[in-house]
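K.L.:
My questions are about this predicted structure, shown below with the sequence.
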Amino acid sequence: MSPDKMVRMANQIAVFFSTQPDVDAADRVAAHLADYWDPRMRAQLHAHVDAGGEGLDPLVIAADARLRADQTAD
Amino acid sequence: MKDFIIPVRERDMGTPARTGAPVTLKIDGVQVTVPEGTSVMRAAAEAGIAVPKLCATDSVEAFGSCRLCVVEIAGRRGTPASCTTPVAEGMEVRTGSDRVRRVRRGVMELYISDHPLDCLTCAANGDCELQDMAGMVGLRDVRYTAPEGAGLANHFTARDTSGAANLQWLPKDDSNPYFTYDPSKCIVCSRCVRACEEVQGTFALTIEGRGFDSRVSAGAAGDDFLTSDCVSCGACVQACPTATLQEKSVIEMGTPDRAVVTTCAYCGVGCSFKAEMNGDQLVRMVPYKHGKANRGHSCVKGRFAYGYAQHPDRVLSPMIRERIDEPWREVDWDTALSFAARRLRDIQARHGRKSVGVITSSRCTNEETYLVQKLARAVFGNNNTDTCARVCHSPTGYGLGQTYGTSAGTQDFDSVEETDVAIVIGANPTDGHPVFASRLKKRLRAGAKLIVIDPRRIDLVKSPHVAAAHHLPLRPGTNVAVLSAMAHVIVTEGLVDDAFIRDRCDAEAYAHYAEFISDARHSPEAVEMLTGVPAASLRDAARLYATGGNGAIYYGLGVTEHSQGSTTVMAIANLAMLTGNIGRPGVGVNPLRGQNNVQGACDMGSFPHELPGYRHVKGAEVRAIYERIWGVEIDPEPGLRIPNMLDAAVDGTFKGLYCQGEDILQSDPDTKHVAAGLAAMECVIVHDLFLNETANYAHVFLPGSTFLEKDGTFTNAERRINRVRQGIPPRTGYADWEVTQLLAGAMGADWGYTHPAQIMEEIALTTPSFAGVDYALLEEKGSVQWPVNAAAPEGTPLMHVDGFVRGRGRFMVTEYVATDERTGPRYPLLLTTGRILSQYNVGAQTRRTDNVVWHAEDVLEIHPHDAEVRGVSEGDWVKLASRSGETALRAKLTDRVSPGVVYTTFHHPDTQANVITTDHSDWATNCPEYKVTAVQVSLSNGPTEWQEDYAAQAARARRILPAAE
Ligand code: SF4
Ligand code: SF4
Ligand code: SF4
Ligand code: FES
């Protein structure tokens, strides 16, 4: 997937959850990614964050950290 | 398994059923109790007594013109017509007295005196009510004949007895490809006219002239059936008692001698049909009166467009090739399947378990879909399964799941009969879901109100005897803003149903929502500039929906195929909860599903993250159910969705695909990207009826079977599980479920199903909402709506009656977010796409039928202002360009679209409207944003270079080597 496309898709998810009241938005973004993104897509996201996370909504970066924490916790 | 074979001719009760208080009367000494308002004729039919009739039939209201149905009623004078006389308590009726017999014979004699007596060679021989009635009333001779050598008064001879031309005679009208109108056989009973008005709602037919001069006429003077407003639904043909309106197939092949009840394989209405056959030939399709979705009606596609099954393009033998630049080689099934299995296993060995996947079809049966996803999960060992519902209704699943707890429409189609206010948003039912449109129009003619929310002035906005109370012509991409503004009006003007919200919805979520939506930035005035919808009419529409009685929302792909598709579905769900329009007849949230089995494909676990019944693969208990009976371990991680598969293919991590009954190259957005993905794969298996566009990139072609050739079930938009029954054996030797099973077998599995009924048993065993479904129940009930389980053993016509599936309904905050797809100086117009009545989706089937007379090519609808500034006139070739690509087609100038908006269909591969569409998608589900693309339109002189290259590549890719001797 082109990085632009991945960034756009991830940011779209972040925008939705950032508008939801009373939720931990980063958690919800992380959960959405875990539920709907195949592992190789998540791996691409991790790699993009590691490379500086250009263009990503800060919420996606926070969610990415949660995702990694959950994965190591498993 | 016994086939459900019924007599070709069903009983005609004479007049429509009524509901009302019971009334008891006696007919020929037989006591019978019927609802108030029932006709004497229908009451007699209930008592098993057939009263002769010509102008009455139970699909339309009685008219009382032929006087064949007269009876005597004790205490009343004369001989009233039984079809127009309602029953009364204690009435005593005689249907066979000498007096009525005399009247009937006299009537019949007059009719027959003006009818050609060529019964033996008539196409309706054996299927003609005039013939039957002549027999029934005992007509033995006709005393009226024309005097020798004189002018005569009849309608059926071209010349009179003096040899002069008979001006009353009219030639046959052959213009419609599927049926003929032969005026010489018409008895002017007006059943056709009433069917066109009452059943179809098109008002194409009238009776012109009076008395002896009266004739049936289609359209205005000078029109024939084809040029009139007729939409070729066939309701008039079905209603006609004679050979006047007659299917051409019956004229060619003779009358059918047996019928199998089955389900239309086109749209999500899911009409039931009798497939009427003569030997192993299908003679005609007749909508089944007891079909609960369609109640005896159909559209042109289901009734007439089945000829593709016999089209010479149909591939009947498996084919393989090493590389896609080679021609195809026809091989036997074993060779093809072992070739495919070897390649897939080899790819998995080199690139890992997750490097292959499947696409299930929303056109195939539930049983077939279930097997294809099982192939991925149990045999491939991954969750890479998706379905074309991804590109249409996946946001419905997500949006309704979040708010109500399940991904399904809340009502049955009968519900529309109790609707007072219907909102139709992002759907064009008269073209996309015609039989539903007819049912809706009938209700609108009875006084219900209509609100249309659509960028385009669809036919429903104004058609004969139907007009929308409000049309909100929004700018494409602003659905959420418009729906939120409606909710804003309802909340701030105090129109909410407080009791419903208190009793049924989550209080905290509602509190948040009410606060959010009350903000002035959601007011119709605030969003008017953005949406293009005048604030005053938006306010009126919101008030009407909130206060006009039972409010029902029907929506289509104009809602889902947006970057905010899922949010829009939530906004719709919010509106219904705000106004308490959930959980009873006449209300609800109703997604109109595109393809026949979109609902079923979703239910059957086609999505990469969900096992059948919408249960996420991460749930260990759910996986355990399948692990136990399949004997394999199931991957707990979600797999790839279609767009992700194509991305992964381009990246080199996805290499093999089994694609059943889908044409992703034509139907998915951004054609160039799809083509690049397919070209990067090492094994593409296409399982289809024809060498479709995707097959240009395939290595294995497995020929498919049509719905006429197999058993199974489809689930329509109402969650109704309808049987599909085999009428003729599969022309390729195998039904599609058998082919999937053979492929699984070639890859080492051992499934052993011998009939789709066994697959349904497995579905019922593993999926709670299907727990009570089996073929015996379907045989008994005709159809059932899921959930079917211990709590609802006969199914569930209405959902969320006493509580939402998720418990309490959840309001979701729906913030409008503009799509990234914006107009600018280079691409100043917005393109939106749709479809038309006579063609179906990518058109693979309908283009191979006579339906092409109505739509030979895709055209671009453009507003005259936009056309003028570009120097474009009607019929000009224009180039349509977006940042993804460009194509050329002809322009049609119309004010149906607003300035700034252009519209086209995507039925023809030559046009490839999807070269234009982009890779933008719904935030939650990746459902592509088909409905909004920024484009530019300019004059051109013919097809683009891309179109020519594409056509050349397609022609090369479709070569087939002559079979080796
Ligand atoms: S085919 Fe349908 S639309 Fe056409 S005249 Fe007959 S009833 Fe009317
Ligand atoms: S065309 Fe058929 S249905 Fe119509 S008036 Fe004539 S006989 Fe009756
Ligand atoms: S409305 Fe849909 S299901 Fe019914 S006949 Fe037409 S295409 Fe088939
Ligand atoms: S059937 Fe009753 S009047 Fe014709």
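P.N.:
Great, that's in hand. This one's a predicted model, so the numbers in the text were calculated from it and none came from an experiment. Numbering: from 1, shown residues only, chains lettered A, B, ... in the order given. Ligands and ions are numbered 1, 2, ... in the order given.

K.L.:
who's in contact with the spatially most central residue of chain A?
P.N.:
Closest to where the C-alpha atoms of chain A average out (Cα atoms, centre = their mean) is residue A:60, at 4.1 Å. Residue A:60 makes contacts with A:10-11, A:13-14, A:29, A:45, A:53, as judged by Cβ atoms under 8 Å, 6 or more residues apart in numbering or on different chains. (C-beta placed from N, C-alpha, C; glycine too.)

K.L.:
How about residue B:481?
P.N.:
Residues in contact with residue B:481 (Cβ under 8 Å, 6+ apart) are B:474, B:522, B:527, B:530-531, B:816.

K.L.:
so where's the chain shaky on pLDDT?
P.N.:
I'll assume chain A. For chain A, the stretches with pLDDT under 70 are A:72-74.

K.L.:
could you do chain B instead?
P.N.:
Low-confidence segments of chain B (pLDDT under 70): B:1-9, B:146-153, B:390-392, B:836-843, B:909, B:912-913, B:963-965.

K.L.:
which of the contacts of residue B:481 has the most neighbours?
P.N.:
If you count neighbours using other Cβ atoms under 10 Å in any protein chain shown, the busiest of the contacts of residue B:481 is residue B:474, which has 25 neighbours.

K.L.:
residues from chain B in reach of ligand 4?
P.N.:
Contacts of chain B with ligand 4, taken as Cβ under 6 Å from any ligand atom, map to B:53-56, B:64-69, B:81, B:83.

K.L.:
Going by distance to residue B:249, which of the contacts of residue A:60 wins?
P.N.:
Taking Cβ to Cβ as the measure, residue B:249 lies nearest residue A:13 of the contacts of residue A:60, at 52.4 Å.

K.L.:
got a list of what that closest one touches?
P.N.:
A:29, A:32-33, A:60, B:923-924.

K.L.:
any chance of the residues of chain B next to ligand 4 in JSON lines, with neighbour count too?
P.N.:
Listed next are the residues of chain B next to ligand 4 as JSON lines, based on neighbours: other Cβ atoms under 10 Å in any protein chain shown:
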{"residue": "B:53", "neighbour count": "26"}
{"residue": "B:54", "neighbour count": "23"}
{"residue": "B:55", "neighbour count": "23"}
{"residue": "B:56", "neighbour count": "31"}
{"residue": "B:64", "neighbour count": "16"}
{"residue": "B:65", "neighbour count": "18"}
{"residue": "B:66", "neighbour count": "26"}
{"residue": "B:67", "neighbour count": "18"}
{"residue": "B:68", "neighbour count": "27"}
{"residue": "B:69", "neighbour count": "31"}
{"residue": "B:81", "neighbour count": "23"}
{"residue": "B:83", "neighbour count": "28"}
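
K.L.:
now those as CSV including secondary structure and distance to ligand 1?
P.N.:
Output for these, formatted as CSV (DSSP: H, G, I helix; E, B strand; the rest coil; distance: Cβ to the nearest ligand atom, whole Å):
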residue, secondary structure, distance to ligand 1
B:53, coil, 20
B:54, coil, 19
B:55, coil, 16
B:56, coil, 17
B:64, coil, 21
B:65, coil, 18
B:66, coil, 20
B:67, coil, 25
B:68, coil, 23
B:69, coil, 23
B:81, strand, 24
B:83, coil, 20
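
K.L.:
Just put the residues you listed in JSON lines and tack on distance to ligand 2.
P.N.:
Formatted as JSON lines, the residues of chain B next to ligand 4 follow (distance: Cβ to the nearest ligand atom, whole Å):
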{"residue": "B:53", "distance to ligand 2": "12"}
{"residue": "B:54", "distance to ligand 2": "8"}
{"residue": "B:55", "distance to ligand 2": "7"}
{"residue": "B:56", "distance to ligand 2": "11"}
{"residue": "B:64", "distance to ligand 2": "14"}
{"residue": "B:65", "distance to ligand 2": "10"}
{"residue": "B:66", "distance to ligand 2": "10"}
{"residue": "B:67", "distance to ligand 2": "15"}
{"residue": "B:68", "distance to ligand 2": "13"}
{"residue": "B:69", "distance to ligand 2": "15"}
{"residue": "B:81", "distance to ligand 2": "16"}
{"residue": "B:83", "distance to ligand 2": "14"}
